[in-house]
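Engineer: predicted model follows, preceded by the sequence.
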Amino acid sequence: MQEEELQKTEKKSAYELFFDIPVGPQHPALKEPAFFKFRVEGERVVGVDVDVSYNHRGIERALEDRNYIQNIYLIERICGICNVAHTLCYAQAVEQLHGKEIPSRANYIRLMVEELARIHSHTLWLGVAAHEIGFDTLFMYVWRDREVVMDLIEMLTGNRVTTAINTIGGVRRDVSDEAKDKVKKGMNILEERLKYYRKVALNDPTVNARCSGVGILKPKDAIRLCAVGPTLRASGVKNDVRRDDPYTLHDEVPFNVITFDTMDVFARVLVRIDETLESVNMVRYCLDHMPNGDVRIKLPLSPPVGEAISRVEAPRGELIHYARSNGTKNPERYKVRTPTFENLPSVSEMLTSKSDYEVNIADIPITLASIDPCFSCTARMEFRDVSKGKTWIWSLKELKAHCSKSRR
Amino acid sequence: MDFLLELLQILVFPGILFAIGLAFVYEWLDRKIYARLQNRVGPLYTGPSGILQPFADFIKLLAKEDVVPNEVDKPLFNALPIFALTLSLTGFLALPIMDLRGVISFNGDLIFLIALMTLICIVIMYSGISSANRFSTVGAERAALQLLGYEIPMMLSAISIGILASSMWVYDIVSIQANSLWFLIGPGILGFAIFVLCGQAELERIPFDIPEAETEIVAGWLTEFSGRKLALFRLTKDVELLYLSGLAVALFLGGPSGPVIPGLEFILYPLYFLLKTLFVLFLLTTLRALFARLRIDQMVNFSWKYLVPLAILQVLIVRVVV
């Protein structure tokens, strides 16, 4: 809701006093720089104003100054947790520019690491969600078991979080047979633990009390507001890039698209747990069906002139990269659209009280967390002249013109 | 001489010094058990197994800068931490530890003890409101609402024991339980459960840590307090934890009584007191590890739907038994 609309609500309170609760840019519920201003009446939230422009890192511009190989490592740092999705998306876009296919074994490894990263991301989220509702015991347990997948990722790629496995033309490391056995063992542990957490989520009365009926997003609104990923699927819409527009080997590796129809935070918890279980099965499939062969083809540094769009289902939802090449070793334009940015309108819908349901202050953290936000990837700019009260947005061209003017 | 002895009892044992020392140890135990239940190690480095960690935290906070924001109600803001600590220490003095009666003991002190707990909660409300902070205000509001939820079942369960002993004197209650095992575990067991649950709410611990819910309202009513004031409030919480488990022991578990060798009461009574309070502490800590935080409306709902009827049932049971 915009500032003006917030002002309008001023006069209609039974308490005769609204006040604003700031959540962020520093707040224990959000570890990232975003600002939410909630207008509350007692415990009830009546309005919300969102501002995510705290951390504009200028990554897209920086990408244009570096060559394609250097960009892999910059792209990876857009988001720590989704780093596999970002490099995968980038590598796909550049390979598309080159017009080359990568070896099948490389595709299997890419898919496997992607799914391992999904397991890691979703278990991390489950822990954070438990912490947001004050269930620290579940938080500690989930994060303890997450170490299993972290160790596997470290063994396969050499790094715990920032994996740097995907590269242009394939992957950097092969998977040995011993590593395969270890991954299989790890998957067994994870499957057992995840089934247990599913049981906990379903049976614990306090988890139920805090998650059911909170943060409702109806399918109609979810589609209208362009929600993506688990947020959309928890509203009962069957939508997954892996199924709708298969990349790597998602058309070969069988999996189910998980949906739930309760549309609330509880559904988002269950969707993520079930997706993790699907990922466990996909990793197993990859291990069993991985062909022998090369894991990488050599590609020249500069792709031919052209443009490419690549889509990946990141743990948080659909991730889109766009690249335009002018034949040099640097991209001419690179554009990243992250899933959190797409989910922000939905979160403001979830946090607005309506006639049939009320949002409490206590629901704010878990509702915000339910989209698995990653605000560092989302900063966008608008300009505001405070003295004139005018707000405008510049196109890229105008912005560049302005920048070069001020540089002089 | 008597006066000196009494002063010694109030200041050293089983009075203020003992209370504060024990409170730190109990906080350590609470943290350690909580950590073990979560598969963590808990405090480890300060002293053997980290036993000095709460004390070190306290000293550290005392040394920190004490910020008083411009907008706060200064006299209240400065005085409230001291009030809170005084109230909880006063309560501790009335607990039977060395003897079947506390250092302060008079006919009707049960009412006084329960009133003290409500007073602590009112101090908390004032600290929230005097801070003039949005999070604090919401925290204070929640503390008041929560008081509405747990106070009545807590009082009813305590008073039911008073009815059982036909007296509102903690000394009488402890003696009647010391003399008969039936009164110890029989009619009061439901009341004990209610008391422990409400104690959790009084202490603002999970699932009832609503007034200071970290992820929702930062630190609730505590948000603006820093340095010495925060140290005092944390100490208050520790002493209150000790006081509440002590009160639960005195009312429901026979206080410091137990099988004694004549002549050794002065050692054995405090020992029994420690063992029994440890049991209550263990219950409180386990409860903390088991649940997610409730919402304030759910808490008040739960309390009036289940705790209050059960507390009334407890009073009825006691009436029938007596």
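Structural biologist: Noted; the coordinates are in hand. No experiment lies behind these values; they were computed from the predicted model shown.

Engineer: SS state for A:Val48?
Structural biologist: Under DSSP: H, G, I helix; E, B strand; the rest coil, A:Val48 falls in the strand class.

Engineer: next, count neighbours for it.
Structural biologist: By the criterion of other CB atoms under 10 Å in any protein chain shown, A:Val48 has 24 neighbours. For glycine as for every other residue, the C-beta is placed from the backbone atoms N, C-alpha and C.

Engineer: OK, contacts around the residue lying closest to it once chain neighbours are set aside?
Structural biologist: Distance criterion CB to CB, 6 or more residues apart in numbering or on different chains; nearest residue to A:Val48, sequence neighbours excluded, is A:Leu351 at 4.7 Å. Contacts here follow CB atoms under 8 Å, 6 or more residues apart in numbering or on different chains; on that basis A:Leu351 touches A:36, A:38, A:45, A:48, A:215, A:359, A:363-364, A:367-368.

Engineer: okay, buried residues for the helix or strand that contains A:Val283 please.
Structural biologist: Assessed by DSSP states H and E, A:Val283 sits inside helix A:265-289. Neighbour-count burial for helix A:265-289, counted by 16 or more other CB atoms under 10 Å in any protein chain shown, picks out A:265-287.

Engineer: that one near chain B anywhere?
Structural biologist: No: residues of helix A:265-289 are not located near chain B by CB under 8 Å from any CB of the partner chain, the shortest gap being 11.7 Å.

Engineer: give the other helices and strands that that helix contacts.
Structural biologist: helix A:104-132, helix A:177-203, helix A:205-211, helix A:229-233 (3 or more CB pairs under 8 Å, 6 or more residues apart in numbering or on different chains; DSSP states H and E).

Engineer: nearest to chain B, out of those?
Structural biologist: Of all these, helix A:205-211 sits nearest to chain B, with 3.9 Å by CB to the nearest CB.

Engineer: and the closest one, how far from the chain's centre?
Structural biologist: Here the centre of helix A:205-211 is set off from its chain's centre by 25 Å, with CA atoms, centre = their mean, to the nearest Å.

Engineer: against which helices or strands is it packed?
Structural biologist: helix A:177-203, helix A:265-289.

Engineer: near chain B at all, the first one?
Structural biologist: No: in this structure, helix A:177-203 remains apart from chain B according to CB under 8 Å from any CB; the gap is never smaller than 10.5 Å.

Engineer: can you pull the contacts of A:Arg118?
Structural biologist: A:275-276, A:279, A:315.

Engineer: repeat for A:Lys37
Structural biologist: A:6, A:20-23, A:48-49, A:51.

Engineer: same deal with B:Glu214?
Structural biologist: Counting by CB under 8 Å, 6+ apart, B:Glu214 touches A:28, A:134.

Engineer: do B:Ile33 as well
Structural biologist: By CB under 8 Å, 6+ apart, the contact list for B:Ile33 reads B:281-282, B:285-286.

Engineer: around chain B, pick out the residues from the stretch 201-350 of chain A.
Structural biologist: Within the stretch 201-350 of chain A, the positions lying close to chain B (CB under 8 Å from any CB) are A:204, A:206-207, A:209-210.

Engineer: most neighbours among the residues you listed, which one?
Structural biologist: Neighbour max across these (other CB under 10 Å) = A:Arg210, 28 neighbours.

Engineer: could you check how far it is from B:Trp304?
Structural biologist: A:Arg210 is 19 Å from B:Trp304, where distance means CB to CB, to the nearest Å.

Engineer: what's the weakest-modelled helix or strand in chain B?
Structural biologist: helix B:181-185 (a mean of 66; mean pLDDT, DSSP states H and E).

Engineer: ok, then the element right after that one?
Structural biologist: Next along the chain after helix B:181-185, taking DSSP H and E as the criterion, comes helix B:189-202.

Engineer: state the mean pLDDT of that next one.
Structural biologist: Computed over helix B:189-202, the mean pLDDT rounds to 89.

Engineer: and that helix, which residues are buried?
Structural biologist: Neighbour count says helix B:189-202 has B:190-202 buried, by 16+ other CB under 10 Å.

Engineer: so where does the residue lying closest to A:Val200 once chain neighbours are set aside fall, helix or strand?
Structural biologist: Excluding its sequence neighbours, the residue lying closest to A:Val200 (CB to CB, 6+ apart) is A:Leu138, at 6.6 Å. Counting by DSSP H and E, the element that carries A:Leu138 is helix A:136-157.

Engineer: which strands and helices sit next to that helix?
Structural biologist: With contacts taken as 3+ CB pairs under 8 Å, 6+ apart, helix A:136-157 sits against helix A:104-132, helix A:177-203, helix B:265-290.

Engineer: residue 43: how many residues sit nearby?
Structural biologist: By default, I'm working from chain A. Around A:Glu43 there are 18 other residues, counting by other CB under 10 Å.

Engineer: please go with chain B instead
Structural biologist: Counted with other CB under 10 Å, B:Pro43 comes out at 19.

Engineer: mind listing what the residue nearest to it when sequence neighbours are not counted touches?
Structural biologist: The shortest distance from B:Pro43 to any non-neighbouring residue, by CB to CB, 6+ apart, is to B:Gly50 (3.0 Å). B:Gly50 makes contacts with B:28, B:32, B:42-44, as judged by CB under 8 Å, 6+ apart.

Engineer: do you know how far the residue nearest to the spatial centre of chain A is from A:Glu32?
Structural biologist: The centroid of chain A falls nearest to A:Arg316 when counting by CA atoms, centre = their mean (2.9 Å). According to CB to CB, A:Arg316 stands 13 Å off from A:Glu32.

Engineer: common neighbours of those two, please.
Structural biologist: Common contacts of A:Arg316 and A:Glu32 (CB under 8 Å, 6+ apart): A:Cys374.

Engineer: ok, and the closest non-adjacent residue to residue 152?
Structural biologist: Since you didn't name a chain, this refers to chain A. A:Leu152 sits nearest to A:Gly186 (CB to CB, 6+ apart), 4.8 Å away.

Engineer: my question was about chain B, not that one.
Structural biologist: Using CB to CB, 6+ apart and skipping residues adjacent in sequence, the residue nearest B:Ile152 is B:Val308, 5.9 Å away.

Engineer: wait, that neighbour touches B:Glu151, no?
Structural biologist: No: judged on CB atoms under 8 Å, B:Val308 makes no contact with B:Glu151 at a distance of 10.3 Å.

Engineer: rewinding a little: I would like the residues contacting the following helix or strand past the helix holding A:Leu138, please.
Structural biologist: Next helix or strand after helix A:136-157 toward the C-terminus (DSSP H and E): strand A:166-167. With CB under 8 Å, 6+ apart as the test, strand A:166-167 has contacts from A:72, A:84, A:87-88, A:90-91, A:110, A:113, A:172, A:296.
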